[in-house]
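Trainee: show me how the following folds:
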Amino acid sequence: MEDARWDRRHGEAQGPGEVAEVLRQNLHLLPPWGRALDLACGRGANALLMARQGLRVSAWDLSPVAIERLRREAVAQGLEIEAEARDLCAGTLPEAAFDLILVSHFLERSLAPAIISALRPGGLLFYQTFSRAVVSMAGPSNSEYRLADNELLSLFTSLRVRVYREEQTLGDTTQGWRDKAMLIAQKAPAPR
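Mentor: Here you go, the predicted structure:
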């Protein structure tokens, strides 16, 4: 049932989707080369952007419809992306395989250790998803699919925080970064 819902959503949507703010606002932090993973990639806006930036990109999503759309768009743009339909909750991640992992609007807390393990020494995690401090109607209605206050920090404590933003309901809630948290964190580099 869940699979069919995502296939329907991706089949009906226009274009490759929107680039995640954590990536768009922080393009200057991308490594100049290396291997990236767009985890729960949807129709692939983030994967396409990372490939245009020169990274070798793998993109995984539960929905075969989303993956097929991403493959077609990558070909149309002349980009090489390794796109695969995978059950992200049932699978494993290869150890020390990626220089960058991006996760946007996907929350499976049990994957946090595998995500950390899949980063190479010095690798970066770009993560954004919805928080429980709801200001608008955006995001899932079930609070289990939303982050508690500072939860991204606690899920990835072994990584070094480089960027973190979670404004909650402070100040003028009609402005700023609302309903979400974003994190860019780095795995410790290999000893020299």
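Trainee: and stretch 101-119, which residues are buried?
Mentor: 101-107, 111-112, 114-116, 118-119 (16 or more other Cβ atoms under 10 Å). C-beta here means a position set from N, CA and C on the backbone, and glycine is covered the same way.
Trainee: quick one: pLDDT of the nearest residue to residue 110 once chain neighbours are set aside?
Mentor: Distance criterion Cβ to Cβ, 6 or more residues apart in numbering; nearest residue to residue 110, sequence neighbours excluded, is residue 89 at 7.5 Å. Residue 89 carries a pLDDT score of 84 in this model.
Trainee: and of the buried residues of stretch 101-119, the nearest to residue 128?
Mentor: Distance to residue 128, by Cβ to Cβ, is smallest for residue 104 among those, at 5.3 Å.
Trainee: for residue 126, give its distance to residue 57.
Mentor: Separation of residue 126 from residue 57 (Cβ to Cβ, to the nearest Å): 13 Å.
Trainee: quick one: the helices in the protein, in order.
Mentor: 2-12, 21-24, 45-52, 64-76, 112-118, 151-155 (DSSP state H).
Trainee: can you tell me which residue is nearest the centre of this protein?
Mentor: Most central in the chain under Cα atoms, centre = their mean is residue 103, positioned 1.4 Å from the mean C-alpha point.
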